[in-house]
Structures are given as C-alpha cells and as structure tokens.
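Asks: Next comes the sequence, and after it the predicted model I'd like to discuss.
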Amino acid sequence: MAAAGTTPRRRGRPSKPVLSEERITKAAIKIVATRGYQHLTMTELAQELKVSTSALYNHTPSKRDVLIRVQDRINQGIDRSAFGAVPWDEALERWARSYRDCYAQHTAMIPIMAVLPVANSPHTLQMYETVARGLADAGWEGAGIADVIVSIESLVFGAAYDATAPADIFDPGERSDLAPVFADAVRARPADAAAAADEAFDVALTAMLDGFRMRLAAVRDGAPAPG
C-alpha cells in the first residue's frame, strides 16, 4: 500500500520502447531498403526506433557498430553447412547459391556489404573461416583460398542484382538494328525473368567451378596454376 501523500509506482510495460540489438538491426535494414543508405544515420535510426539519439548512442556507440550487426544478421542466412560434409567444390557451389539467394532479398545492402570491412563481425568471420578451412582441407593454399572466396562473392553480388532485375532490362526497344545479334540472343532467353537470371548464374558458376578444379589440379601436380 502506498504511503499517504505519495503517488503509487506504475507497473507494467515501460512508457518508452526498450532498445535491443534485434530492434536496432531490423530498423537499420528497413531504412536502407525503403529510403536508401544515405538515410542510415544515427539520428534517423533513432527516429525510426522512436527513441532519442542519445539513448541510441548509449546502446550502440557508432554507426559502424550498427553496420556490423546488420552484416552479421544478413550473413546468418547464408548456408555454409556443406563444408566438411561433401566434396569442396560441391560445398562451394551450395554456399554460392545460398549466398546469392540471401542477398537477392537484400539488394539494397549490397553496395554497403560489398565494401564493409569484416573486422569484429563474429558470424561473418566464422562463415569465412568455415569456407577457408574447407578449401584448405581440399588442398588450396595461402592467397589462393582468399582468391576463391573473393571470386565467388564478386559473382554472387552481381547475380543477386540480376535476380531482381526487370524482365525487360536487355530489351533494345525500337533500336534492335543497332545490336541485332545481341537482340536475338536476348529473345532466345527464357521469358520469365527469374528463370533467365537463374540460367545465367548457373552458366557463370559452373564455369567458375570448372576453372577452380583445373587450378587446384595444377597445384596438386606441381604445375603453374592456369593464368
């Protein structure tokens, strides 16, 4: 019972939203997806979360910390479980396909994630370590391991964009006379944009994996790796 002349303490939910890593990360992804990366500032993030900027800074020291969380959150959707369970090239293929599918859902984040340092990103570093160990166990060495990973990522980010591109992206319009061979090639592709994107990714990934197999075979034989 409250003492005479005092106001009873309110119980129940707090009057202001409680900040959490999950809420901050989701809000940051939403801002980039709906408004663009230029709007991902600590001020706008605080407004999205309906808290003061100072409250956000008390929970998250910098925008860099926000981006680390975003990077890890998105990359948790990439399946790396095949490494150690199936041959290295099959594992690499599964990883690449999952990577592409994941970022096809977050294309607005690609320009950020593609150049964001991985320092202090625990899940992302664990993902790279899993892939690197799988490649090392297969016989890849040194810089060759990093080169394979970067090569896959270069393909994946572009393919993720292509997976969400408009169906008429290569339509020459009324000027097919300027590029008749190209126009014919475009018309020969599947009419469904998603199917066309999948087919192009399959071609590129297959060629890349074939090249990796040849390169590793040369290294194992002691011959110079193909240039």
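Replies: Sure thing, it's come through.
Asks: Domain ranges for the chain, per the record?
Replies: Listed by automatic domain parsing, the domain ranges of the chain are 21-61, 74-220.
Asks: in this structure, which spans are helices?
Replies: 21-35, 42-49, 53-59, 63-75, 88-104, 110-113, 122-138, 142-163, 180-187, 193-220 (DSSP state H).
Asks: Residue 44: neighbour count?
Replies: Using other CB atoms under 10 Å, residue 44 has 16 other residues around it. Quick note: C-beta positions are derived from backbone N, CA and C, even for glycine.
Asks: let's have the chain start at 48 instead
Replies: All set: I'll call the first residue 48, so the last point we hit is now residue 91.
Asks: residues contacting it?
Replies: By CB atoms under 8 Å, 6 or more residues apart in numbering, the contact list for residue 91 reads 78, 82.
Asks: quick one on the thing from earlier: can you list the helices of the chain in a markdown table and add distance to residue 219?
Replies: Output for those, formatted as a markdown table (distance: least, CB to CB, whole Å):
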| stretch | distance to residue 219 |
| --- | --- |
| helix 68-82 | 31 |
| helix 89-96 | 40 |
| helix 100-106 | 49 |
| helix 110-122 | 35 |
| helix 135-151 | 25 |
| helix 157-160 | 27 |
| helix 169-185 | 40 |
| helix 189-210 | 18 |
| helix 227-234 | 5 |
| helix 240-267 | 16 |
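Asks: returning to that earlier point: how about the domains of the chain in TSV, adding mean pLDDT?
Replies: Shown next, in TSV, are the domains of the chain (pLDDT from 0 to 100):
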stretch	mean pLDDT
domain 68-108	93
domain 121-267	95
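Asks: Sweet, I'm off.
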